[in-house]
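Student: Coordinates only, no sequence provided:
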């Protein structure tokens, strides 16, 4: 046989054997309809936005105003010299507790005491002289002029005695309050002049927290309102009440100083500590509240998103008050609504979502 013809016949036979009705390898790798359903996700699976929800239930809500403040003593007295002289005695030390009525210093006391004693002797003599001359008047043995002169000396002695008594009192510094010596400005033996400060006594068994209240909130706060005062340095909350709101605003900040009284029987709070004040200005019961950041500002107004059967639903709401963390709803939601509190940003009405719990 012709070699060329034999080669052509073999090639044709090979092409016929390698050309079945199905492509090579297709039957072996094909999947059944059931297998095609279970292999891999569908076109939308795994793309659902994950959200967290809060079921709305009626609760109590307190409208609070948060302010920053500084602690101060309820009573803070600086004792100054009322007379010139040497500081003869300083009977208390820095940090020492003093009682009401306790003598804490003496200024030129020895000299003032001597002058007071001398004035007392002169007064006694003037009284006796006037009494003797008045007795002699009835016997017509003394002139009226002598009696008048004796009376004038008596009145002068009384005045000098009173002056000496006052100067003696001024030479003694006596505390009118219970407190602690916070500062001393002069040492024992030092010369002091009238008006020169000697020492400072503070009573911080009651603390005054001074904070600044913006003018747009002043109408909400009144005397007697309850307050929670947080002292960060102590990590502790203390209860207090609004004592006074000063009537004049700070000319630069346009804020009004509010003062809150806090009991401090253990003296844990020191003067000058930073404080955070939470004023409770109004209480509500059986209301719906939620974290403030769940409310979004959109073209339709204030809106929230609810979860209904795996779908996000936009709801226009109205709110009344906020305390910086929570907001109170007045309309648009109802008890039992499943409010989306995480993942709500970027949602659209009707979008499919997935609720997660961890």
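Tutor: Sure, I can see it. What you see is a predicted model; the values in this text were computed from it and never measured. Numbering: from 1, shown residues only.
Student: hey, let's count contacts and neighbours off CA atoms from now on
Tutor: Will do.
Student: which element follows the longest helix along the chain toward the C-terminus?
Tutor: Criterion DSSP state H: the longest helix present in the chain is helix 109-137. For helix 109-137, the succeeding helix or strand toward the C-terminus, using DSSP states H and E, is helix 144-170.
Student: how big is the angle separating that next one from helix 109-137?
Tutor: Put simply, helix 144-170 runs at 160 degrees to helix 109-137, going by axes from the mean of the first three to the mean of the last three CA atoms, to 10 degrees.
Student: Could you list every helix and strand that the helix or strand following helix 144-170 packs against?
Tutor: Toward the C-terminus, helix 144-170 is succeeded by strand 172-174 as the next helix or strand (DSSP H and E). Applying 3 or more CA pairs under 8 Å, 6 or more residues apart in numbering; DSSP states H and E, one finds that strand 172-174 makes contact with strand 103-107.
Student: low-confidence ranges in the protein?
Tutor: In the predicted model, the chain carries pLDDT under 70 at residues 1-46, 138-141, 322-324.
Student: So what's the gap between the longest helix of the chain and the chain middle?
Tutor: The chain centroid and the centroid of helix 109-137 are separated by 61 Å under CA atoms, centre = their mean, to the nearest Å.
Student: Give me the three-state assignment for residue 249.
Tutor: Following DSSP: H, G, I helix; E, B strand; the rest coil, residue 249 is assigned to coil.
Student: Chain neighbours aside, what residue packs nearest to it?
Tutor: Closest residue in space to residue 249, ignoring its immediate chain neighbours: residue 256 at 4.6 Å, by CA to CA, 6 or more residues apart in numbering.
Student: so what strands line up beside the helix or strand harbouring that neighbour?
Tutor: Per DSSP H and E, residue 256 falls inside strand 255-263. The strands beside strand 255-263 in its sheet (DSSP bridges) come out as strand 197-214 (antiparallel), strand 236-245 (antiparallel).
Student: got a list of contacts for the helix or strand following that strand?
Tutor: Next helix or strand after strand 255-263 toward the C-terminus (DSSP H and E): strand 274-291. Contact with strand 274-291 is made by 56-71, 209, 211, 220-221, 225-233, 325-330, 334-335, 341, as judged by CA atoms under 8 Å, 6 or more residues apart in numbering.
Student: tell me the angle of the strand holding residue 256 relative to strand 274-291?
Tutor: Using the same axes, to 10 degrees, strand 255-263 lies at 100 degrees relative to strand 274-291.
Student: how distant is strand 255-263 from the center of its chain?
Tutor: Averaging C-alpha positions (CA atoms, centre = their mean) puts strand 255-263 9 Å from its chain's average.
Student: Ok, stretch 281-289 next?
Tutor: Put simply, stretch 281-289 sits 22 Å off its chain's centre (CA atoms, centre = their mean).
Student: What of stretch 143-150?
Tutor: The chain centre lies 73 Å from the centre of stretch 143-150; the measure is CA atoms, centre = their mean.
Student: For that stretch, give me every contacting residue.
Tutor: Contacting residues not belonging to stretch 143-150 are listed as 126, 129, 130, 133, 134, 137 [CA under 8 Å, 6+ apart].
Student: Pull out the buried residues from it.
Tutor: By 16 or more other CA atoms under 10 Å, the buried positions in stretch 143-150 come out as 147, 150.
Student: which helices and strands sit right next to the lengthiest strand in the chain?
Tutor: Using DSSP state E, we find that the single longest strand of the chain is strand 59-80. For strand 59-80, the packing partners by 3+ CA pairs under 8 Å, 6+ apart come out as strand 197-214, strand 274-291.
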